[in-house]
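Enquirer: Everything below, folded, please.
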Amino acid sequence: MVNPVTVEVTRGGIVESRHRGALAIVDSRGRLVTGLGDIEAPIFPRSAIKAFQALPLVENGAADAFGFTPAEIALACASHGGEPVHVETARGMLAKLGLDERALECGAHWPTWPKAARDLAHEGLEPGALHNNCSGKHAGMLAVARHAGIAHRGYVRRDHAVQRGIADVIADMCGAATHSAPCGTDGCSVPTWALPLGALARGFARLASGEGLSPARAEAARRIVDAVRGNPFMVAGTRRFCTRLMEAVPRAFVKTGAEGVFCGAVPHAGLGIAVKCDDGASRAAEVTMAAALASLPVWSDGERRVLESFAAVELRNWNEIHVGDIRLSEEAAALLKTAAEARSDQA
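Expert: A predicted model of the protein is given here:
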């Protein structure tokens, strides 16, 4: 199945580039609200499901045992930019475990926020594992191992108890069998399982609503959602889409993943959303996610207008001249409108 064009990029009044992709919106009962493209093909969700990977941290008591704050729980769900507050928060999480940066097995890379990278270079320093955008997630995984009293070395391996537990959580949340799903290795060296887009949206609907989850898991999900929405800067950082959108619309929950993946939820409506752009373009995934959120008849007029602004991005050149736009395709816009009208009629 060839996915439809979901996002167009214009310049000079014509379409210069097109992005194909797929989209699924699922309600708290697991029913498909909107489907666009092939939502049954398995895709690697990458960092978009860090909230699922953090569930054992909260559900099994490790977060409370080590005194993790909501900001630290949010960092465990983050793809942060390596800014000073991110690095120091991750360092503080490790200190609570009696560990330091050497325990992290995520590898090192330069901060993705340019100023943080420039400042580090200006000081003549090299990046460490704490600057890795996944350092908070890995600190959370180390906490799970320490709390369970098991060896933390090799916690990134697929056969380690920490990763086996995460695989079980993802399977439960998404209603998909991880043991038989294609498994790859993520950029930070942990396993990543390929699941259908519809299953991922189902998982986020359950994260948002708690529907079908055990009381302990539902409470852990609520705490994670609250921590992320209450600390959006920890989840991404300066000028990042996830941070900006959740700061502007606090009732939304969104999380980016590599290669054009985006997942999100509307907790007050019990809805989950999953997006995948075929060419891996983040710019297209962001516009699709914002448009999908804006299409739902669950917002105030003010919230909807803000979400619509995120779905219509102006392209400006180095002289700040408006040269084009990134926008939802007519086909995708029509589908979202039709689905929203149908849902409104059923309400």
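
Enquirer: Output the below-cut-off pLDDT ranges for this structure.
Expert: Flagging of the chain using pLDDT under 70 yields the residue ranges 341-347.

Enquirer: Let me see the ranges of the helices in it.
Expert: Under the criterion DSSP state H, helices of the chain are mapped to 50-59, 62-65, 70-75, 84-96, 114-122, 135-148, 161-174, 197-209, 215-230, 232-235, 241-248, 282-295, 301-310, 330-346.

Enquirer: Would you tell me which of those helices gets closest to Asn317?
Expert: Across the helices of the chain, the minimum distance to Asn317, taken as CB to CB, is reached by helix 282-295, at 15.6 Å. Backbone N, C-alpha and C define where each C-beta goes, glycine included.

Enquirer: among the helices of the chain, which is nearest Phe44?
Expert: That would be helix 197-209 among the helices of the chain, by CB to CB, at 10.3 Å.

Enquirer: what's the angle between that closest one and helix 282-295?
Expert: If you take axes from the mean of the first three to the mean of the last three CA atoms, to 10 degrees, helix 197-209 sits at 60 degrees to helix 282-295.

Enquirer: can you tell me which strand in this structure is longest?
Expert: strand 14-26 (DSSP state E).

Enquirer: what are the pairing partners of that one, and which direction each?
Expert: strand 5-11 (antiparallel), strand 32-36 (antiparallel), strand 271-277 (antiparallel) (DSSP bridges).

Enquirer: Alpha carbons of that strand, as CSV, please.
Expert: C-alpha atoms of strand 14-26 as CSV (Å, rounded to 0.1, in the frame of the first residue of the first chain):
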residue,chain,number,x,y,z
ILE,A,14,3.6,26.0,-5.9
VAL,A,15,4.3,22.7,-4.1
GLU,A,16,8.0,22.2,-4.0
SER,A,17,8.1,19.0,-1.9
ARG,A,18,5.7,16.3,-0.7
HIS,A,19,5.8,14.0,2.3
ARG,A,20,3.9,10.7,2.4
GLY,A,21,2.8,9.1,5.6
ALA,A,22,0.2,7.4,7.8
LEU,A,23,-1.8,8.5,10.8
ALA,A,24,-4.0,6.7,13.4
ILE,A,25,-6.2,8.1,16.1
VAL,A,26,-7.7,5.6,18.6
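
Enquirer: Out of the strands paired with strand 14-26, which one sits most buried?
Expert: Most buried of the strands paired with strand 14-26 by mean neighbour count (mean count of other CB atoms under 10 Å) is strand 271-277; its value is a mean of 30.

Enquirer: now that strand, how far from the chain's geometric center?
Expert: On the basis of CA atoms, centre = their mean, to the nearest Å, strand 271-277 sits 10 Å off its chain's mean C-alpha point.

Enquirer: Just want the angle from it to helix 161-174.
Expert: Using the same axes, to 10 degrees: strand 271-277 against helix 161-174 is 110 degrees.

Enquirer: okay if I get the strands paired with strand 14-26 as CSV plus distance to Ala177?
Expert: Formatted as CSV, the strands paired with strand 14-26 follow (distance: least, CB to CB, whole Å):
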stretch, distance to Ala177
strand 5-11, 28
strand 32-36, 19
strand 271-277, 18
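
Enquirer: what's the closest of the ones you listed to Ser329?
Expert: Using CB to CB, those put strand 5-11 closest to Ser329, at 4.7 Å.

Enquirer: Could you find the closest non-adjacent residue to Ser295?
Expert: Nearest non-adjacent residue to Ser295, counting by CB to CB, 6 or more residues apart in numbering: Leu336, 3.8 Å away.

Enquirer: ok, now which ones touch the nearest residue to Ile273 once chain neighbours are set aside?
Expert: Distances taken as CB to CB, 6+ apart place Gly264 nearest to Ile273, at 4.5 Å, with adjacent residues excluded. By CB atoms under 8 Å, 6 or more residues apart in numbering, Gly264 lies in contact with 204, 252-255, 272-273, 289, 292-293.

Enquirer: Show me the two of those residues that sit farthest apart.
Expert: Largest separation among the contacts of Gly264 by CB to CB: Lys255 and Ala292, giving 13.8 Å.

Enquirer: Comparing the two, which residue is more hemmed in?
Expert: Neighbours per residue (other CB atoms under 10 Å) separate Lys255 from Ala292, with Ala292 holding more: 31 against 26.
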